[in-house]
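> sequence unknown, structure follows:
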């Protein structure tokens, strides 16, 4: 199914742009307790439900809708499509757009990332790291695997929330710095453009049902509608498709 909804998407775009402006200012951050990187990450694990609860989940299937708008193009783009994400704790990930006709997909079999669309099939060094991390059943326990060499850069205010800012050593900080809410302990943003929102409990673990990804000229909103854990998944679905 392919859906177009101009008014809703335009409203989402305005919200995302305003949020980006508020985040970029980064001024007026209140004092926060002086914690180490590992203490901040431990608080994150506890905030989402605790290590035992996270470890109890070994696979995850998410269904939802991705909405994209590129309003500054000469011919503005307003698109919305359903998607499914399947993930396993062994680093396996599959993203599928559920549309009529040929659909785009991307994945990782645990080692090789790949992407398939109307232009063909190709392997790559890395996929959508942020989305893979956020949907990984053990993501909160594997922050160092995804974002190595984290350094505590102090307090930072985002949309009225004081956050801890952790900057990775091998990734561009403007895109991959992690922001954890001082009060709740939850991850609320990744870089200047990804906002992690609407946490809801599923099987004792909090999961963000909304990811707002802003960019120059538009935004992409991932809105999750269902999240099911410990679903049996065959390893074969994560392999690069045959040509």
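Happy to help now that I have it. Small disclaimer: the values here were computed from a predicted structure and weren't measured. Numbers count the residues shown, from 1 in each chain.

> can we go C-alpha only for contacts and neighbour counts from here?
Fine.

> buried set for stretch 155-175?
155, 156, 157, 158, 161, 162, 163, 164, 165, 166, 167, 168 (16 or more other CA atoms under 10 Å).

> show the average pLDDT along it.
Confidence over stretch 155-175 (mean pLDDT, whole number) is 93.

> would you state the strands of this protein in chain order?
2-3, 59-70, 77-88, 92-98, 105-109, 113-117, 120-124, 151-158, 161-167, 178-181, 187-190, 194-202, 205-215, 218-229 (DSSP state E).

> quick one: which of these is nearest residue 36?
If you check each of the strands of the chain against residue 36 by CA to CA, strand 151-158 wins as the nearest, at 7.1 Å.

> what about that closest one, distance to the chain center?
Computed by CA atoms, centre = their mean, to the nearest Å, the chain-centroid distance of strand 151-158 equals 20 Å.

> just want the angle from that strand to strand 161-167.
Relative orientation of strand 151-158 versus strand 161-167 (axes from the mean of the first three to the mean of the last three CA atoms, to 10 degrees): 150 degrees.

> parallel or antiparallel, list what pairs with strand 151-158.
Paired neighbours of strand 151-158 in the sheet (DSSP bridges): strand 161-167 (antiparallel).

> contacts for the strand it pairs with?
29-30, 32, 37, 40, 149-157, 173, 176-183 (CA atoms under 8 Å, 6 or more residues apart in numbering).

> and what of stretch 118-138?
Counting by CA under 8 Å, 6+ apart, 54-55, 57-60, 85, 87-89, 91, 93, 102-104, 106-108, 112-116, 139, 143, 146, 190, 208, 240-241, 243 sit against stretch 118-138.

> show me where this protein dips below the pLDDT cut-off.
Confidence mapping of the chain against pLDDT under 70 gives the ranges 1-31, 70-75, 77, 101-102, 125-127, 217, 243.

> report the central residue of it.
Central residue check for the chain by CA atoms, centre = their mean: the C-alpha nearest the mean position is that of residue 131, 3.7 Å away.

> how far away is that residue from residue 223?
Between residue 131 and residue 223 the computed distance is 12 Å (CA to CA, to the nearest Å).

> start and end of stretch 191-206, how far apart?
21 Å.

> next: stretch 227-242.
Stretch 227-242: ends 29 Å apart by CA to CA.

> go on, stretch 184-200?
Stretch 184-200: ends 13 Å apart by CA to CA.

> same thing with stretch 117-134?
End-to-end distance for stretch 117-134: 23 Å, by CA to CA.

> in it, what's buried?
121, 127, 130, 132, 133, 134.

> next: stretch 181-199.
Going by neighbour count (16+ other CA under 10 Å), the buried part of stretch 181-199 is 181-182, 185-197, 199.

> between the two ends of that stretch, how far is it?
Across stretch 181-199, the terminal residues are separated by 13 Å (CA to CA).

> not counting its neighbours along the chain, what's nearest residue 187?
Nearest residue to residue 187, sequence neighbours excluded (CA to CA, 6 or more residues apart in numbering): residue 180, at 4.3 Å.

> hang on, the one you found packs against residue 191?
No: the criterion here is CA atoms under 8 Å, and residue 180 misses it with residue 191 at 11.5 Å.

> joint contacts of the two?
With CA under 8 Å, 6+ apart, residue 180 and residue 191 have no common neighbours.

> what would the strands of the chain look like in CSV with distance to residue 236?
Shown next, in CSV, are those (distance: least, CA to CA, whole Å):
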stretch, distance to residue 236
strand 2-3, 27
strand 59-70, 14
strand 77-88, 12
strand 92-98, 10
strand 105-109, 8
strand 113-117, 14
strand 120-124, 16
strand 151-158, 37
strand 161-167, 35
strand 178-181, 32
strand 187-190, 31
strand 194-202, 26
strand 205-215, 26
strand 218-229, 19
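
> of all those strands, which one is nearest residue 49?
Residue 49 lies closest, by CA to CA, to one member of those: strand 205-215, at 4.8 Å.
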